[in-house]
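Enquirer: requesting a structural model of the entry that follows:
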Amino acid sequence: MEHTEIGVVHTSVTRAAPEAVAALSAFGVATIHEAMGRVGLMRPYLRPVYPTARLCGTAVTVLLQPGDNWMLHVAAEQIREGDVVVAACTTESEDGFFGDLLATSFRSRGCRGLVIDGGVRDVADLAEMDFPVFARAVNARGTVKATLGSVNVPVVCGNALVRPGDVVVADADGVVVVPRERAAEVAAAAAAREAAEAGKRARFHAGELGLDIYDMRGPLGALGLRYED
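Expert: Numbering: from 1, shown residues only. Have a look, this model is predicted:
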């Protein structure tokens, strides 16, 4: 399975364990990114098409050709309950690849949302449906169905490598990809991080300063920071 394959649909996908996906769904993108060692983020230009959009699921990947959404229709057949579709393009394209009709089709297959390094349209309808989409652009310009891409090959979407079956989490902070083999480990690390943050939040709420909580005064003094009246 190569990311340069064109004209192929891989029908057998090894997905992350459902319990690990469920555990990751409890955490935000920023927490998961930090828990994973500050890797896995897509570029920040991928934004939700409505403010409350949020998704978590296993990836069905799609490699599109510019201005052509044929492979999204092909991908619909490969969706299983709990999947999200991650669509990249062979080169930059901001045409409107996706709208409410494809969202209706994807949802009927159990899809939890779409991440696409391209454009989408019908965003008012997508918001009304509460079908979460994270996209490079909103663009009414339509597409054709004329050129083969691929489904379920590794893709680079928003500068992040996504393999079929990896876990993708997206919220208002961005989009992060968790390798399927690391899903349980990262969920445990995210839980530990959230527990630590809860303790710090209580101390901040009580009026303590970050200077003391993080023991910053010594290093700042060592670098020559001084206080003057």
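Enquirer: burial count for the residue lying closest to residue 123 once chain neighbours are set aside?
Expert: If the residues on either side of it in the chain are set aside, residue 123 comes closest to residue 49, at 4.5 Å by C-beta to C-beta, 6 or more residues apart in numbering. Placement of C-beta: from N, CA and C, glycine included. By other C-beta atoms under 10 Å, 22 other residues sit near residue 49.
Enquirer: need the longest helix for the chain.
Expert: helix 183-205 (DSSP state H).
Enquirer: helices or strands up against that helix?
Expert: helix 18-24, helix 29-35, helix 210-213 (3 or more C-beta pairs under 8 Å, 6 or more residues apart in numbering; DSSP states H and E).
Enquirer: please give the element, helix or strand, for the spatially most central residue of the chain.
Expert: Here the mean C-alpha position of the chain is nearest to the C-alpha of residue 175 (C-alpha atoms, centre = their mean), at a distance of 3.2 Å. Assessed by DSSP states H and E, residue 175 sits inside strand 174-178.
Enquirer: any idea of the angle that strand forms with helix 183-205?
Expert: 140 degrees (axes from the mean of the first three to the mean of the last three C-alpha atoms, to 10 degrees).
Enquirer: now do strand 174-178: distance to the chain's middle.
Expert: Distance of strand 174-178 from its chain centroid, counting by C-alpha atoms, centre = their mean, to the nearest Å, is 4 Å.
Enquirer: same thing with stretch 138-152?
Expert: Centroid separation for stretch 138-152 versus its chain: 20 Å, with C-alpha atoms, centre = their mean.
Enquirer: quick one: end-to-end length of that stretch, please.
Expert: End-to-end distance for stretch 138-152: 25 Å, by C-alpha to C-alpha, to the nearest Å.
Enquirer: contacting residues around that stretch?
Expert: Contacts to stretch 138-152, defined as C-beta atoms under 8 Å, 6 or more residues apart in numbering, come from residues 1, 5-11, 13, 49, 60-65, 67-71, 73-75, 78, 90, 94-97, 119-121, 123, 164.
Enquirer: pull out the buried residues from that stretch.
Expert: Within stretch 138-152, the residues scored as buried using 16 or more other C-beta atoms under 10 Å are 138-139, 143, 149-152.
Enquirer: avg pLDDT for that stretch?
Expert: Confidence for stretch 138-152, expressed as mean pLDDT, is 96.
Enquirer: in a strand, residue 88, correct?
Expert: Yes. Counting by DSSP: H, G, I helix; E, B strand; the rest coil, residue 88 falls inside a strand.
Enquirer: one step back: who's in contact with the longest helix of the chain?
Expert: Contacts of helix 183-205 (C-beta under 8 Å, 6+ apart): 16-17, 19-21, 23-24, 26-27, 31-32, 34-36, 167, 178, 210, 213.
Enquirer: excluding chain neighbours, what is closest to residue 24?
Expert: Per C-beta to C-beta, 6+ apart, closest to residue 24 is residue 187, 4.9 Å.
Enquirer: what's the neighbour count on that neighbour?
Expert: Using other C-beta under 10 Å: residue 187 sits among 25 other residues.
Enquirer: any idea how far it is from residue 60?
Expert: 21 Å (C-beta to C-beta, to the nearest Å).
Enquirer: cool, and residue 44?
Expert: 23 Å.
Enquirer: who has more neighbours, the two?
Expert: residue 60 (29 against 10).
Enquirer: and the angle from whichever strand or helix holds residue 62 to strand 174-178?
Expert: Using DSSP H and E, residue 62 maps to strand 55-64. With the same axes, to 10 degrees as the basis, strand 55-64 and strand 174-178 are set at 90 degrees to each other.
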